[in-house]
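Participant: next one to model:
(one chain, ligands or ions: 1)
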Amino acid sequence: MRIGLIGGTGREGTGLALRWKRAGHDVFLGSRDAARGQARAKELGVQGGSNEQACDADVVLLAVPYGAHAKTLTGLRDALSGRVLIDITVPLAPSKVQSVNLPSGQSAALEAQALLPETTVVAALHHVSSAHLADLEHTPDCDVLVCSNDKPARALVADLMNDLGLRGLEAGRLKNAIALESLTPVLIFMNKKYGTTTGLRVTGIE
Ligand SMILES: NC(=O)c1ccc[n+]([C@@H]2O[C@H](COP(=O)([O-])OP(=O)(O)OC[C@H]3O[C@@H](n4cnc5c(N)ncnc54)[C@H](OP(=O)(O)O)[C@@H]3O)[C@@H](O)[C@H]2O)c1
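Facilitator: Numbers count the residues shown, from 1 in each chain. Predicted structure coming up:
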């Protein structure tokens with residue numbers, strides 16, 4: 001499958017690109033600067049270029065900071081029309097990352113869906129550390145809860161989480177992204193409190 005990463009040059013993009021490449025996917029790393037995208041992609045052994053080019057994929061993933069979320073999506077609205085978009089954004093307040101920060105649209109993923117009505121938005125990957133993703137020797141002890149209003153897209157993205165070496169679990173409609181995004185500041189607090197990198201596990205599902 002061809003997977004395009006918008007903002008793929010960053011921390012999350014690195015591990016996602018390496019892991020999906022290892023699983024046999026055709027990964028394209030996007031950047032605001034096509035030359036930077038190409039250079040970073042070359043280092044990781046995948047293809048790269050602009051964010052617009054990254055949208056030409058079976059599944060597109062958005063990996064930019066929340067401060068750039070709306071502007072990035074608005075600029076790529078046409079390129080993302082008809083696509084499945086995985087939104088991993090956590091709307092952290094920069095100076096208060098250990099406290100829940102509800103954005104005006106209640107969640108970044110709901111805001112994305114409102115901005116892009118012709119795109120199928122799927123929210124996922126809010127609780128997986130980029131450091132763990134980038135360490136291919138490490139199997140992250142973490143489930144990935146996946147929500148979307150589109151059932152086939154939700155199932156597809158849950159399968160793609162399995163290809164990362166994680167366990168993808170379907171977790172309902174896109175509105176549930178409010179809960180998923182809100183849990184990340186809780187985990188960030190616990191990381192500091194207990195001096196570790198936490199993960200999330202759901203019990204009772206074989
Ligand atoms: N880091 C984690 O552990 C983690 C875990 C779960 C979820 N997330 C979420 O994943 C997303 C990406 O996190 P990250 O840590 O990978 O971010 P990051 O490394 O800080 O940034 C990712 C990429 O975003 C692009 N970018 C930066 N500022 C931008 C701007 N003003 N406008 C447009 N593009 C901009 C940059 O790409 P170019 O300069 O090449 O365009 C950058 O390489 C965030 O929304 C975060 O909440 C992160």
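Participant: helix or strand with the lowest mean pLDDT in the protein?
Facilitator: Lowest mean confidence among the helices and strands of the chain (mean pLDDT, DSSP states H and E): helix 130-134, at a mean of 93.
Participant: list the buried residues of that helix.
Facilitator: Buried residues in helix 130-134, counted by 16 or more other CB atoms under 10 Å: 130, 132-134. Glycine gets a C-beta too; all of them are placed from N, C-alpha and C.
Participant: which residues of the protein lie near the ligand?
Facilitator: For the chain, the contact set with the ligand under CB under 6 Å from any ligand atom comprises 7, 9-13, 31-33, 36, 63-66, 68, 72, 88-90, 125-126, 128-130.
Participant: how does it look with 5 Å?
Facilitator: For the chain, the residues found near the ligand under the criterion CB under 5 Å from any ligand atom are 7, 9-12, 31-32, 36, 63-64, 68, 88-90, 129-130.
Participant: any idea how far the residue nearest in space to the middle of the chain lies from Val144?
Facilitator: By CA atoms, centre = their mean, the mean C-alpha position of the chain lies nearest to Ile88, the distance being 3.0 Å. Shown here: Ile88 relative to Val144, a distance of 10 Å by CB to CB, to the nearest Å.
Participant: which neighbours do those two share?
Facilitator: Common contacts of Ile88 and Val144 (CB atoms under 8 Å, 6 or more residues apart in numbering): 124-125.
Participant: assign Glu137 to helix, strand or coil.
Facilitator: Three-state assignment for Glu137 (DSSP: H, G, I helix; E, B strand; the rest coil): coil.
Participant: that one - how many residues pack around it?
Facilitator: For Glu137, the count of nearby residues is 4 (other CB atoms under 10 Å).
Participant: over to Arg173?
Facilitator: Residues lying near Arg173 (other CB under 10 Å) number 13.
Participant: Lys96 too?
Facilitator: 10.
Participant: ditto for the one 5 residues further on
Facilitator: Here the count is done by other CB under 10 Å, and Asn101 has 16 residues near it.
Participant: would you say it is within a helix?
Facilitator: No - Asn101: not assigned to a helix; according to three-state DSSP it is coil.
Participant: gap between it and Arg77?
Facilitator: Separation of Asn101 from Arg77 (CB to CB) stands at 25 Å.
Participant: cool, Ala63 as well?
Facilitator: Counting by CB to CB, the gap from Ala63 to Arg77 is 18 Å.
Participant: which of these two has more neighbours?
Facilitator: Ala63 (25 against 14).
Participant: where is the longest helix in this structure?
Facilitator: Among the segments of the chain that qualify as a helix by DSSP state H, the longest is helix 177-194.
Participant: so which elements touch that one?
Facilitator: Judged by 3 or more CB pairs under 8 Å, 6 or more residues apart in numbering; DSSP states H and E, the packing partners of helix 177-194 are helix 108-115, strand 120-123, strand 143-148.
Participant: the residue of the chain found nearest the ligand: what's it in contact with?
Facilitator: In the chain, no residue comes nearer to the ligand than Gly10, which is 2.3 Å away by CB to the nearest ligand atom. When contacts are counted by CB under 8 Å, 6+ apart, Gly10 is found next to 63-64, 130.
Participant: and it, what pLDDT?
Facilitator: Listed pLDDT for Gly10 reads 97.
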